[in-house]
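Participant: can you look at this prediction? I've put the sequence above it.
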Amino acid sequence: MPATLATWNINSVRLRIDLVLDFLAEYRPDVLCLQEIKCQNDQFPQKELAEAGYAHQAVHGQKGYHGVAIVSRLPIAETTSRSFCDIPDSRHVSVRVDFGRGPVTLHNFYIPAGGDEPDPEINPKFRHKLAFLAELKDWFDTEDFVSRQVIVGDFNIAPHENDVWSHRQLLKVVSHTPVETDALDDLLARRPWTDLVRQHIPLTQKLFSWWSYRSKDWDAADKGRRLDHVWSTGDVAPYCSGAEILRAFRGRGDKPSDHVPVMVRFG
DNA sequence: ATGGCGGATCTTATCCGA
């Protein structure tokens, strides 16, 4: 029985707990990584998720915004979180979990969005995003990341031309500027990592995981970006047997998240 | 014209996302 892993920027887990429970009931991923839970740890819907079978939980939240969590049907161990850029915000949590081929470390990230203006000199949010990526690069160069690592999350960068609806029109838009996509490419090349989703869905195919709320008809306009990712070290990548982005969840229910779940299968 | 929306909270205004 293959194991499955999903990542989803839920944009408030309290507001959308019923949508999460529907997703879990329908797709039964073994592990779900959430970003933008937008609540403190004691406000996380741990009981509802435990009753749905996801009793193993690692939650790193904060008041109002950001926040990440991992919920699992499989046992988890060694829960840790770390801060970046000397800012005590909730953008990372990691656990050890076994998808069937021995334990791996699973890291769940919420990389800073970066604000509007793609200039680190005038925009502190963009400066923060670049500093965060630089710190990640240093961390990925350490022995912690030599093997048996899976990283997921909302990276807030759409790296390839077909990860955005229009490469040309987004070159100066935060999430697809060359300084960001180069930084992500550089990060990917370090280990090297394997982009598990693009391992299974060719780069020639347009692929998005986020569509703005502001677009009137997101489906028809289809002006999306692929901001949510699943990477692994090279030793784990051969065990990944499939990947899928669940586009339909952008239109699920009255109040969908602006992101949809990304799923990979191991074994 | 993706940014004309939609979250949370310091709520009828402001900050955050991207």
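Facilitator: Noted; the coordinates are in hand. Numbers count the residues shown, from 1 in each chain, chains lettered A, B, ... in the order given.

Participant: count the residues that sit near A:S83.
Facilitator: Each residue near A:S83 was counted by other CB atoms under 10 Å, and the total is 13. Bear in mind the C-beta positions are built from the backbone N, C-alpha and C, glycine included.

Participant: so what's it up against?
Facilitator: Residues near A:S83 by CB atoms under 8 Å, 6 or more residues apart in numbering: A:89, A:91-92.

Participant: how about the helices in chain A?
Facilitator: Here chain A has its helices, by DSSP state H, at A:17-27, A:46-51, A:124-140, A:167-170, A:178-190, A:196-200, A:218-221.

Participant: just the ones you listed: most buried one?
Facilitator: Of all the helices of chain A, helix A:196-200 has the most neighbours on average by mean count of other CB atoms under 10 Å, namely a mean of 21.

Participant: give me the distance from that helix to the chain's centre.
Facilitator: Computed by CA atoms, centre = their mean, to the nearest Å, the chain-centroid distance of helix A:196-200 equals 14 Å.

Participant: quick check, A:E117 in contact with A:K129.
Facilitator: No: A:E117 is beyond contact range of A:K129, at 11.5 Å (criterion: CB atoms under 8 Å).

Participant: spell out which parts of the stretch 1-150 of chain A neighbour DNA strand B.
Facilitator: The stretch 1-150 of chain A comes close to DNA strand B at residues A:9, A:11-12, A:14-15, A:36, A:38-40, A:63-66, A:112-116, A:125, as judged by CB under 7 Å from any atom of the strand.

Participant: what do you get if the cut-off is 6 Å, keeping everything else the same?
Facilitator: Contact residues (CB under 6 Å from any atom of the strand) of the stretch 1-150 of chain A with DNA strand B: A:9, A:11-12, A:14-15, A:38, A:63-65, A:112-113, A:115-116, A:125.

Participant: A:S209: which of those is nearest?
Facilitator: A:S209 has its nearest neighbour among these in A:N9, at 8.2 Å by CB to CB.

Participant: can you pull the contacts of the closest residue to that closest one other than its chain neighbours?
Facilitator: Closest residue to A:N9 apart from its sequence neighbours, by CB to CB, 6 or more residues apart in numbering: A:H259 at 3.7 Å. The contact partners of A:H259, taken as CB under 8 Å, 6+ apart, are A:8-11, A:154, A:209-210, A:227-228.

Participant: and the strands in chain A?
Facilitator: Under the criterion DSSP state E, chain A carries strands at the ranges A:3-9, A:31-35, A:56-60, A:68-72, A:77-80, A:92-98, A:103-110, A:149-154, A:193-195, A:210-211, A:224-225, A:228-233, A:240-245, A:262-266.

Participant: how about the residues of the stretch 151-267 of chain A by DNA strand B?
Facilitator: Selection of the stretch 151-267 of chain A residues close to DNA strand B by CB under 6 Å from any atom of the strand yields A:154, A:156, A:169-170, A:173-175, A:212-215, A:223, A:225, A:227, A:255.

Participant: and the residue positioned nearest the centre of chain A, how close does it get to A:T204?
Facilitator: Nearest residue to the geometric centre of chain A (CA atoms, centre = their mean): A:G153, 1.5 Å. Distance, A:G153 to A:T204, by CB to CB, to the nearest Å: 25 Å.

Participant: by neighbours, which of the residues of the stretch 1-150 of chain A next to DNA strand B wins?
Facilitator: A:N9 (24 neighbours).
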